Every structure is written in C-alpha cells, then in structure tokens.
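In: This is the structure alone, sequence omitted:
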C-alpha cells in the first residue's frame, strides 16, 4: 500500500472512532440520561415517525411515580392519547412500546382516557427480537434493559430543584426550575424566571410551586415582576435583578467548538438544533465555544443572550459524586452549610459547572461573568451585560466555557441597543395554599427568615397574584422573582475513601471524574 493509501486508512480509522464517540454522546443526550429536554422533557432526539410506526401496539407509560398500559393510541396536534387497558399476553410482550414521561403532572386523565403532550415524552423504547434486548428508538443502538429506567432513577434520586407551572386559563404549563444549583444554605440565591405562558384568570396570575424529586426545597420569597413595554421588544432580567430590553439581537457570524467544528446552525436559532459536546480520549476537560459577533464601531457595551440548560448528565454525576461520601454524606452536607458562599461558588466554578464568559482583548482573554445553572428540565433564556470599553474594531470575540457535557445550549445572540423605557410593577402574592389547603402566604411574602419548606415528593403550593391594570399600546412580560435553596436527600452507604475525596479539592477534579465515567459507559456500550 502506498504512503498516501496508509494515511487515508489511518484517517478513516480516526474518523470511525470519532463517529463512535459522537454516537455514544447522542445516545446519552437523546436516549439515555442527558435527554434534550424542552418544556419539561422534549422528544427531539426521537423521530416522531418511528413512534407512529409502532401505532397499534400496546403502550406502557412510565411516569416518575405512576405507570399505565394503553392501547388505541392517537398522535394528533402534538398530543399523545390512549385508553387505559391491561398488559397483553406474555408471548406478545415483545410488541410493547415503552414511553417515559416526566413530570407526572403532564399525564392528564379523563375517565379511561390519558393524554400526554408530546414534548413531555423523554424517551421511547420498543421491545424487539428478544425479551432481554431493547432498541432505543432514535439512536439505532441496541442495549440491555439495564439503562431503560436511567431517567426515572435520576428523578427519584433527586438532583433537580423546584418546578414552576403557570396557568393560562386552560392548563398549567411547565415553565422551568428556580434557584438551580443552590444545593446548600450558603448557596441560596435569587432567581428570575420568565413566565412565557401565563395569562390572567379572573384578574389573577396563578402559578404552582412543586417538589417532584427527593429533595427538601426551601423557598424564601415569590413575587412577580410585571413589565409593560413597547411592542417588538423583549424583556429579560439578569441574575442581579436588572431588567434589559432586547430590540435588535444579532446572531453570531462565526461559532466553533474546541475542536474547530462549526456551531453556526446549532446556535443561531431557538429550534431543535443544539450544541452537543464532543467527547474524545484526550486531556481536554472543558467545552469551549468560540463566538464572533459583528460590532458597531461606537459600541461600548453589549447584552449577551443565551438560551439553554444544564444537562441531566451534570445532575447525574453530581449525585454520583455525593455517593462517594457513603455513610458520611450527612457530615459532608453539614460542613458545606458552614462554609461561605464565596468558598462554595469558587469550587463550583473551578469544576466547570457554571457557564463562564470570556472576552478577547488585546492583552488576552478577560473573564467577564458567568451564567447560573438553569436546571436540566427546560431551556432558560438568560442575559449578561458585557463592558466593551477598550474593544476596538467591528467585531468582538467571546468564549463560553464549562465542563464537558455539563451544558446543553440552543441559542446565542448579542444586542447592542440601548435599554428602553419600561414600566415595572412589583406584585406581591395574594394567596399561597399548600396541598393540605393550609395558608402559607406569610412564608413566601418577604425575603426574611421564614421559608416554605417542601420536604416530600408531590408537595404542591398554589400561589396567586393580583393582575395589575395594563397600559394602552404596551406589551406585557411577567417574570417570577424567587429565592431559596434545596437539599438533595441521600441514604449514604459504606465507608468513604477520604484520600480520594480530598482530590476533589483540586480544580477540574469533578470534571475529570465526569469524563472518566462517560468513557467507561462508552466502553460498556461498544
């Protein structure tokens, strides 16, 4: 074989291995653990046509705390509908289609009929060939049934944060999570969540605050920030509580990952195309997204917009990390609660959990700020103001940096427009009632020492706010301002390896731990 032929074969082997890594990444992101959720969970990684192809079979619906068997299913207008039935005979089990749904509140019952919004189906499976083997629809990879309940396992083990639903007059719509990542008392923080679906009902805005995982959730404050603003503009509130208007947001003119792959299509729109990490056997521990935007010559500041969420993989690995403490988990938790917020944030940042933003300057990269974790259940559109003083020319270059497989990003954009005049109304709650119909308003009304504590799965608090009068010719945006922290519940077992745990004090140790685990899963699946 000629030298050029050997080079070609070598490149083919490298590309084949690269494609294998991409397949296993897609497996985790779309069918196993790091699902591409939208709304609550989305089905982007699972072709609708393949589920429709299975029509006529029996369907097994798996919720977090419930399950049903269905037949006579119909897929129409984005809603999956079927009639409750019984399991088929044993010999026909290979024809059962399994759909994994979250949260349970997405499963709507009307007599014997069940309906589920398509976006809340996290994963679909159909048993084929033999009882012990399962095909994950949408991945093309046959794996053992061991991983079939990975999502449900993760939800029942904890690792998320309070869920928020808003009422539009007909339905309670999942909006997202609040104060994600505040897993210790010192990490308590303010959160600002855009309620995109909320509409006044009998002159009241209505939301639900729920605990749907094994956690103790402590909410200090809930209030609405109601903004009336000019049509054609959008309102976002940054993590500091500052409101910004967006009227001329620009897409990047260049976007690449750390290996030089173009991400323009993935990051240029609010759509089903998303950034997915490349995972390779190399020393790289962090994802780096390089962005280039056009810049007006006289611009001295900009507003960076990012839509995304952290991956379920990050939550999964944090739970795996807590498992390392074994029977000393509670001791570790108590020690964390005695540390300063600065210490805990520093460790989180050094492990690549927040999404860091850097600006390219004449003297090198300059750290700008970071985006807080938004949680894995729904995209959050977030914003940071960037000081461009001293940046000359007609372009700016930014880098977004986080641990590998920790973030799932849908869109990035930049807006140089000046913030416009808006009318802001702070609306305190009118009522708050828990699942036992107890009035808990005083616990959520002020930023004080009183907390609404939701310690159990299915704790639900209904909260109402009086809708302020609208302004003629203005558009309205509603933001939920909340504050709190939460505690992940674990039953630690066994003695911890203290020497190994001390290694996690080093920057990047958790990121390395995550990558090593991913590559181990890759080996098992191949």
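Out: Done, it's in. These numbers were taken from a predicted model, which means no experiment stands behind them.
In: Let me know whether residue 250 touches residue 296 as I believe.
Out: No: counting by C-beta atoms under 8 Å, residue 250 does not reach residue 296; the two are 10.1 Å apart. In this view, the C-beta of every residue, glycine as well, is placed from N, C-alpha and C.
In: Comparing these two, which residue is more hemmed in?
Out: Taking other C-beta atoms under 10 Å, residue 250 and residue 296 do not tie; residue 250 has more neighbours (14 against 10).
In: gap between that one and residue 410?
Out: The gap separating residue 250 from residue 410 is 16 Å, by C-beta to C-beta, to the nearest Å.
In: shared neighbours of residue 250 and residue 296, anything?
Out: Common neighbours of residue 250 and residue 296 (criterion: C-beta atoms under 8 Å, 6 or more residues apart in numbering): residue 416.
In: what about the strands in the stretch 101-250 of the chain?
Out: Along the stretch 101-250 of the chain, counting by DSSP state E, counting those that start in this stretch, strands occupy 108-110, 113-117, 121-127, 133-136, 142-144, 163-167, 172-177, 189-194, 204-211, 215-229, 234-237, 243-246, 249-250.
In: Also the stretch 401-526 of the chain?
Out: Using DSSP E, counting those that start in this stretch, the strands of the stretch 401-526 of the chain run over 407-415, 423-433, 452-454, 459-466, 475-488.
In: winner for burial among those strands?
Out: The highest mean neighbour count among the strands of the stretch 401-526 of the chain, using mean count of other C-beta atoms under 10 Å, belongs to strand 407-415: a mean of 23.
In: per-residue confidence averaged over it?
Out: In this model, strand 407-415 has a mean pLDDT of 96.
In: and what of stretch 303-311?
Out: Here the average pLDDT along stretch 303-311 is 95.
In: and what of stretch 486-506?
Out: Here the average pLDDT along stretch 486-506 is 92.
In: Over to stretch 167-175?
Out: pLDDT averaged over stretch 167-175 gives 92.
In: can you count the residues close to residue 498?
Out: Residue 498: 10 neighbours (other C-beta under 10 Å).
In: Over to residue 322?
Out: Neighbour number of residue 322 under other C-beta under 10 Å is 19.
In: Pull up the per-residue confidence for it.
Out: 93.
In: for it, helix, strand, or coil?
Out: helix (DSSP: H, G, I helix; E, B strand; the rest coil).
In: mind checking the SS state of the most centrally placed residue in the chain?
Out: What sits nearest the mean C-alpha location of the chain, by C-alpha atoms, centre = their mean, is residue 376, with 2.1 Å. What three-state DSSP gives for residue 376 is coil.
In: So that it lines up with my notes, have the first residue be 699 from now on.
Out: In the new count, where the first residue is 699, that last one comes out as residue 1074.
In: I'd say it and residue 1006 touch.
Out: No: counting by C-beta under 8 Å, residue 1074 stays clear of residue 1006, with 10.4 Å between them.
In: if I look at residue 1090, how far off is residue 1064?
Out: Noted for residue 1090: a distance of 14 Å to residue 1064, by C-beta to C-beta.
In: Those two - which one has more neighbours?
Out: residue 1064 (14 against 10).
In: Contact partners for the more buried one?
Out: Per C-beta under 8 Å, 6+ apart, neighbours of residue 1064: 1056, 1057, 1058.
In: give me the beta-bridge partners of residue 1078?
Out: Beta-bridge partners for residue 1078, by DSSP bridges, are residue 1006.
In: That one against residue 1053, yeah?
Out: No: between residue 1078 and residue 1053 there is no contact under C-beta under 8 Å: 11.1 Å.
In: Identify the contacts common to the two.
Out: What both residue 1078 and residue 1053 touch, as defined by C-beta under 8 Å, 6+ apart, is the set residue 1006.
In: rewinding a little: which one of the contacts of residue 1064 sits closest to residue 1165?
Out: Residue 1165 has its nearest neighbour among the contacts of residue 1064 in residue 1057, at 40.6 Å by C-beta to C-beta.
In: Would you confirm that that closest one contacts residue 1088?
Out: No: contact between residue 1057 and residue 1088 fails when scored by C-beta under 8 Å: they sit 10.0 Å apart.
In: Could you provide the strands of the stretch 799-948 of the chain in TSV, with additional columns for distance to residue 1130?
Out: Below are those laid out as TSV (distance: least, C-beta to C-beta, whole Å):
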stretch	distance to residue 1130
strand 806-808	25
strand 811-815	27
strand 819-825	30
strand 831-834	42
strand 840-842	45
strand 861-865	13
strand 870-875	16
strand 887-892	17
strand 902-909	8
strand 913-927	8
strand 932-935	22
strand 941-944	25
strand 947-948	36
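In: mean pLDDT lowest for which of those strands?
Out: Among the strands of the stretch 799-948 of the chain, strand 840-842 scores lowest, at a mean of 27.
In: show me where pLDDT drops low in this structure?
Out: The chain contains residues with pLDDT under 70 at 699-756, 762-763, 773-776, 784-794, 816-858, 1220-1224.
In: All good on my end, thank you.
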